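>>> with the sequence up front, the predicted model follows.
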Amino acid sequence: MPSAPAGHSSSADESSDTGVVSWVALPDHQSDPYFLAVRHLLAGVVGVFLLVVGGFGAFLLARSALGPSTDALLVVVVLALVGGPFSLIYVLIAADAGSERERALFSPDLSWLRLRWLLPGLVAGAGLLAGLGAVFGPIVVLFLPFGLAFLVSSVDSRYTVGRIDPEERTVEFYTGKLAREYAESHPAVADEMAVPTFDTADRNRRAGDLSSLAGTDSYRIGSYVVVRLRYHDRDLLGNRPTLLVVPAEASSSVESVLARITTSTDWEPSGGLDRDVRLVLGVLGVLFFGSVGLFALVTDGEPVILFYAGTTLGLLGAVMVAAALFG
């Protein structure tokens, strides 16, 4: 993970009254080279993809208009209206019914966009798509978004505001854009003059119960420390964080309070998932596996379709069966 560029300092703070440990790491995202590079690479990939799709659509339109059949024209129009660019009209119609945050999802902040970075981003995006396409084939389109999302989340995790309460045995934090927004609305926290507090009703914050914490593993990466949290029990629904990214200055305080929680825990093992829940998960998992077999029969073993079905329905079925057996 890259180190923090010049910008807002990273810090840790420990409240002497409550023992709460907090941290703040807010690089200046307007000049953060890692943030800008990843964002422009993502913009380049999206731009190249849109250019290819748009060019192919224009080719089909021209071919249909000049040819004897209008079937291709009909297909392009239908795809454009259902799930295509023109479907944004439906979003505009429903905009008045959504909150400001919900509307912001469809009008992302583009203040980071730099014209001098845009052309290199397009070239890098084209090279990335061409290289991965040559190695893995068209199937890369299905998995590339996951890789890009991981890359973006890795960079965004460097922007973090959080706290650990050893008495309550809880951890709460914001990362990425949410951390920046929180700092803007809480300048005392951003200026390291107050311990952050979070609204428990805010579903956007990450929070977790550390009562069953079994231990931690720490990895120093640049000016940050990644702390892996290990628990006595399994969390199949992902309700607890398993990774904390904290500034190096905060790592000793964070690791110390986590060690206190680990040694003072009174956790006792439970019986796991109920028998009825295991039964339902097992049946659903077998059905998902069966659907993959059905795809194999219907498509005569077409490799691309089988790969897609196996990595979606098959993996989901495997998770369900594993939860039924070991949950």
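Here it is on my side, so go on.

>>> residue boundaries of the helices in the stretch 101-250 of the chain?
With DSSP state H, counting those that start in this stretch, the ranges of helices along the stretch 101-250 of the chain come out as 115-136, 140-156, 176-185, 187-190, 248-264.

>>> hmm, who's touching the shortest one?
In this structure, residues lying in contact with helix 187-190 by CB atoms under 8 Å, 6 or more residues apart in numbering are His8, Val24, Leu26, Val161, Tyr182, Ala183, Glu184, Ala194, Val195, Pro196. Every C-beta, even on glycine, is put in place using the N, C-alpha and C of the backbone.

>>> burial measure for the fourth one, as a count.
Residues within reach of Val161, counting by other CB atoms under 10 Å, total 25.

>>> list the contacts for it?
Taking CB under 8 Å, 6+ apart as the test, what Val161 contacts is Ser22, Trp23, Val24, Ala25, Leu26, Phe173, Tyr174, Ala179, Tyr182, Ala183, Val189, Pro196.

>>> who wins for neighbours among those residues?
Of the contacts of Val161, with other CB under 10 Å as the count, Val24 tops at 29 neighbours.

>>> who does that one bridge with?
Counting by DSSP bridges, Val24 forms beta bridges with Ser11, Val161.

>>> where does pLDDT dip in the stretch 201-327 of the chain?
235-237, 266-273, 301, 327 (pLDDT under 70).

>>> again, 90 this time
The model of the stretch 201-327 of the chain has pLDDT under 90 over residues 201-215, 222-223, 231-242, 250-251, 262-283, 285-327.

>>> hey, least reliable of the helices of the stretch 101-250 of the chain by pLDDT?
Ranked by mean pLDDT, these bottom out at helix 187-190, with a mean of 76.

>>> still on that earlier bit, between the helices of the stretch 101-250 of the chain, which gets nearest to Ala324?
Ala324 sits nearest to helix 140-156 of all the helices of the stretch 101-250 of the chain, at 25.6 Å, using CB to CB.

>>> and that closest one, what's buried?
Across helix 140-156, burial judged by 16 or more other CB atoms under 10 Å covers Val140, Leu144, Leu148, Val152, Ser154, Val155, Asp156.

>>> please apply the same query to stretch 279-287.
Going by neighbour count (16+ other CB under 10 Å), the buried part of stretch 279-287 is Leu281, Gly282, Leu284, Gly285.

>>> can you put the helices of the stretch 101-250 of the chain in CSV and add distance to Phe326?
Listed next are the helices of the stretch 101-250 of the chain as CSV, based on distance: least, CB to CB, whole Å:
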stretch, distance to Phe326
helix 115-136, 32
helix 140-156, 25
helix 176-185, 33
helix 187-190, 41
helix 248-264, 24
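
>>> skipping its backbone neighbours, what lies nearest Arg278 in space?
Closest residue in space to Arg278, ignoring its immediate chain neighbours: Ala324 at 4.5 Å, by CB to CB, 6 or more residues apart in numbering.

>>> please enumerate the strands of the protein.
Here the chain has its strands, by DSSP state E, at 11-14, 21-25, 160-165, 170-175, 206-209, 213-221, 224-231, 243-247.

>>> before we move on, back to that, list just the nearest of the contacts of Val161 to Asp233.
Once CB to CB is applied, the member of the contacts of Val161 that ends up nearest Asp233 is Phe173, at 21.5 Å.

>>> quick one: contacts for that closest one?
With contacts defined as CB under 8 Å, 6+ apart, the neighbours of Phe173 are Thr160, Val161, Gly162, Arg163, Ala179, Arg205, Arg206, Ala207, Pro241, Leu244.
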